[in-house]
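**Student:** sequence first, predicted coordinates after that:
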Amino acid sequence: MNSPASAGGAQAATNPLLTVSTLPYELPPFDEITNAHFAPAFEAGMAEEQREIAAIANNASPATFDNTIVALERCGQLLNRARAVFFNLTSSNTNPDLEKLRSELAPKLSAHSDSIYLNPALFARVSALHEKRASLGLDPESLRLLDRTYTLFVRAGARLSDNDKVTLRRMNEQLSTLTTQFSQTVLKGVNAAAVVFDKASDLDGLSEQQIAVAAEAARSRKLEGKWVIALLNTTGQPPLSQLKNRASRERIYKASLDRGWGGEFDTTKLIAQIVALRADRAVLLGYPTHAAYVTEDETALTPDAVNKMLAQLAPPAVANAKQEAAAMQALIDAQAKTNGTQAFKLAPWDWDFYAEQVRAAKYAYDESQVRPYFEMNRVLVDGVLFAAHELYGITFKERKDLPVYQEDVRVFELWNADGSPLGLFLVDWYARDNKRGGAWMNSFVEQSRLLGKRPVVVNNLNIPKPPKGQPTLLTFDEVTTAFHEFGHAVHGLFSNVKYPQFSGTSVPRDFVEFPSQYNEMWATEPRVLANYAKHYQTGAAMPGELMDKVLAASKFNQGFATTEYLAAALLDQAWHQLPTGKTPSATDAAAFEANALKQAGVDFAPVPPRYRSTYFSHVFASPIGYSAGYYAYIWSDVLARDTQHWFKAHGGLKRENGDLLRQKVLSQGFSVDSLTIFKDFYGKAPDIGPLLESRGLVTE
Ligand SMILES: [Zn+2]
């Protein structure tokens with residue numbers, strides 16, 4: 001008998017995603033998983049969770065904390081397993097088959113989630129328990145789990161009437177379609193906006209290799225004999241810091257800034273629809289605005305709190321940017337005088353070019369002097385992991401016997417100071433064509449005492465891989481990023497919670513960057529630095545004066561960096577604090593954006609927002625994403641700077657400090673409210689002072 005059904009059965013029996021891994025810490029058996037295993041694992045996982053949910057919802061016994069709330073925490077383990085491996089791989093080692101499956105899965109997974117949160121019988125049980133929560137005799141973490149579960153259901157629309165639920169499902173569906181269209185249009189738009197040059201001399205200032213890349217980009221677009229500069233999806237573009245030809249800079253800059261405002265890849269109509277729909281959905285869910293809906297579940301709690309914080313930062317940031325602009329204008333004027341040419345007024349497309357010259361004149365060093373001291377393995381073992389050993393007493397050993405999903409990935413096993421096992425830490429630092437940009441931490445297995453799981457986490461960076469036999473030498477930025485991502489990793493690794501929902505980094509967006517931003521401080525701590533910053537050939541320590549220059553230069557141009565970030569954060573709030581019926585039409589989008597920047601006092605022409613509305617993917621490219629939440633980075637940074645300040649005041653790098661942070665913050669996940677966690681550690685409410693100081697934003 002070889003019917004399709006039995007063939008499927010045979011495949012199921014050998015699909016490694018369908019069973020719990022037997023490897024240490026349940027590390028996925030990467031050497032056995034193939035592309036073909038995912039679709040059946042997702043199907044089986046969703047079906048299994050539906051059965052589990054039905055069993056809870058239709059249970060004839062009255063609801064108890066165990067048979068409902070804890071049972072929900074145990075649900076969907078097969079689906080979660082498939083999801084963790086799948087989404088890690090589509091981020092860091094993807095291929096066309098996985099990408100095709102990803103687009104097919106998105107609507108299915110969203111409908112699957114709606115079917116759980118909008119299930120009336122299930123919510124009736126959650127709600128009944130929530131009503132009598134005080135009398136259930138629950139421990140604090142369990143009581144919080146009940147509260148959070150109830151909140152998640154309510155926020156997802158569980159209390160709505162049947163009619164409103166129909167409306168909500170339709171809105172969610174529309175939003176997911178519109179935001180997918182936004183992301184696809186932005187991607188096509190950024191590719192189409194690549195700038196074509198007719199002469200190599202237009203690109204004067206770029207390296208030979210960059211010019212060769214531009215010629216190759218032209219050939220691949222059938223523009224033989226020309227040069228093409230491809231754009232990134234930010235307002236600023238890296239070549240602007242190098243291009244000597246002012247007209248070339250202007251062309252690239254304008255091509256970037258004008259994306260999406262009309263034409264084939266217009267996104268203004270999508271924005272108008274998304275913003276209107278979000279405002280309507282907020283009202284349906286009982287909130288005045290989308291921003292109110294979003295911030296309620298963040299540590300900020302209200303749009304007012306966000307506004308207050310951003311308003312406090314904007315004036316000094318813009319004032320600093322203006323000072324930076326004045327220094328560049330002076331340079332432009334002096335050069336014109338020396339060369340006998342006409343001086344001109346600093347334009348936005350000139351900023352990076354002259355900032356680079358001011359930086360070089362002021363700090364007198366270049367990257368090639370620094371990199372030999374930042375060899376990748378030393379940075380990892382003698383830097384990142386060394387600091388963690390000094391702070392938390394953890395020890396580690398590389399496990400070359402365990403399977404990985406790509407040959408460059410490294411696996412480390414970590415132990416606590418008392419010798420007990422902690423978890424696995426995967427290191428995937430090299431860039432690849434099939435890896436998305438940026439750097440991030442993710443989990444393969446999330447810690448939870450209920451399910452008896454220890455963490456398996458991964459750090460991804462995008463460090464260019466050198467030719468075989470050459471050392472991997474990092475930039476100072478890459479070193480800082482390595483420490484940053486490990487801050488997220490320890491947040492996952494030190495998690496010591498009972499319930500999966502609270503594990504590790506499952507905290508609000510405006511809190512999650514705090515442990516990582518804090519951890520950056522160890523990159524430049526003298527004892528850590530002395531341990532890892534050694535010349536890769538001679539082993540000589542990095543000269544102190546060179547390090548001083550690097551540190552001083554890292555504070556340079558902060559007025560610009562803070563202003564362009566704040567402008568985008570303020571724009572995000574402006575769009576999402578609009579009440580229903582007051583959102584602008586597509587044709588008014590440009591005027592709305594200009595007015596929002598003006599009202600917020602960040603309309604300083606040489607420093608436009610890091611993202612203009614039409615290509616602001618953080619906030620418009622997924623149903624929630626970072627909408628009304630782009631402020632989160634600077635909100636977390638307040639906590640991070642306070643913590644750095646606290647460490648300095650308490651003797652810096654030592655076990656008792658690290659252990660205290662671990663006990664009070666890093667082990668707690670979301671089992672305690674995030675602001676409470678912070679105050680318990682810091683001894684008082686967050687203080688914005690250290691952040692202002694670190695960015696040079698202190699005003700008298
Ligand atoms: Zn981060």
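**Tutor:** Yes, it's here.

**Student:** ok, and the closest non-adjacent residue to the closest residue to the ion within the chain?
**Tutor:** Of all residues in the chain, the one sitting closest to the ion is Ser516 (4.1 Å; Cβ to the ion). Backbone N, C-alpha and C define where each C-beta goes, glycine included. Nearest residue to Ser516, sequence neighbours excluded (Cβ to Cβ, 6 or more residues apart in numbering): Gly487, at 3.5 Å.

**Student:** quick one: the helix or strand harbouring that neighbour near the ion?
**Tutor:** Secondary structure from DSSP states H and E places Gly487 in helix 476-493. No. Helix 476-493 is not in contact with the ion by Cβ under 5 Å from the ion; minimum separation 5.6 Å.

**Student:** just checking, what packs against that helix?
**Tutor:** Using 3 or more Cβ pairs under 8 Å, 6 or more residues apart in numbering; DSSP states H and E, the elements in contact with helix 476-493 are helix 386-392, strand 421-430, strand 440-445, strand 456-463, helix 514-519.

**Student:** mind doing that once more with 6 Å?
**Tutor:** With contacts taken as 3 or more Cβ pairs under 6 Å, 6 or more residues apart in numbering; DSSP states H and E, helix 476-493 sits against strand 440-445, strand 456-463, helix 514-519.

**Student:** what does whatever helix or strand comes next after that helix contact?
**Tutor:** Following helix 476-493 in sequence order, the next helix or strand is helix 509-512 (DSSP H and E). The contact list for helix 509-512, computed with Cβ atoms under 6 Å, 6 or more residues apart in numbering, reads 298-300, 505, 629, 632, 635-636, 674.

**Student:** adding mean neighbour count, mean pLDDT and distance to Thr472, write the helices and strands packed on helix 476-493 out as TSV.
**Tutor:** Putting these into TSV (neighbours: other Cβ atoms under 10 Å; pLDDT from 0 to 100; distance: least, Cβ to Cβ, whole Å) gives the following:
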stretch	mean neighbour count	mean pLDDT	distance to Thr472
strand 440-445	21	96	19
strand 456-463	22	95	6
helix 514-519	26	96	21
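
**Student:** now the helices for the stretch 501-650 of the chain?
**Tutor:** Assigned helices in the stretch 501-650 of the chain, in chain order: 509-512, 514-519, 526-532, 544-554, 558-576, 589-599, 617-620, 632-649 (criterion: DSSP state H, counting those that start in this stretch).

**Student:** next: the stretch 151-300 of the chain.
**Tutor:** Under DSSP H, counting those that start in this stretch, the stretch 151-300 of the chain gives helices at 162-192, 208-220, 246-257, 268-284, 290-295.

**Student:** just say which of those is most tucked in.
**Tutor:** helix 290-295 (a mean of 25; mean count of other Cβ atoms under 10 Å).

**Student:** who does it touch, helix- and strand-wise?
**Tutor:** Right, helix 290-295 is packed against helix 268-284, helix 303-339 by 3+ Cβ pairs under 6 Å, 6+ apart.

**Student:** dump those to TSV, plus distance to Ser142 and mean pLDDT.
**Tutor:** Below are the helices and strands packed on helix 290-295 laid out as TSV (distance: least, Cβ to Cβ, whole Å; pLDDT from 0 to 100):
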stretch	distance to Ser142	mean pLDDT
helix 268-284	31	97
helix 303-339	29	95
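
**Student:** can I get those helices in JSON lines including distance to His645?
**Tutor:** Listed next are the helices and strands packed on helix 290-295 as JSON lines, based on distance: least, Cβ to Cβ, whole Å:
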{"stretch": "helix 268-284", "distance to His645": "37"}
{"stretch": "helix 303-339", "distance to His645": "17"}
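
**Student:** could those helices go into a markdown table alongside distance to the ion?
**Tutor:** Compiled in a markdown table, the helices and strands packed on helix 290-295 are given as follows (distance: least, Cβ to the ion, whole Å):
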| stretch | distance to the ion |
| --- | --- |
| helix 268-284 | 25 |
| helix 303-339 | 19 |
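
**Student:** I'd like to know which of the ones you listed lies nearest to Glu407.
**Tutor:** Minimum separation from Glu407 across the helices and strands packed on helix 290-295 (Cβ to Cβ) falls at helix 268-284, 40.7 Å.

**Student:** by how many degrees do the closest one and helix 162-192 diverge?
**Tutor:** Relative orientation of helix 268-284 and helix 162-192, computed by axes from the mean of the first three to the mean of the last three Cα atoms, to 10 degrees: 150 degrees.

**Student:** quick one: low-confidence ranges for the chain?
**Tutor:** 1-13, 437, 699-700 (pLDDT under 70).
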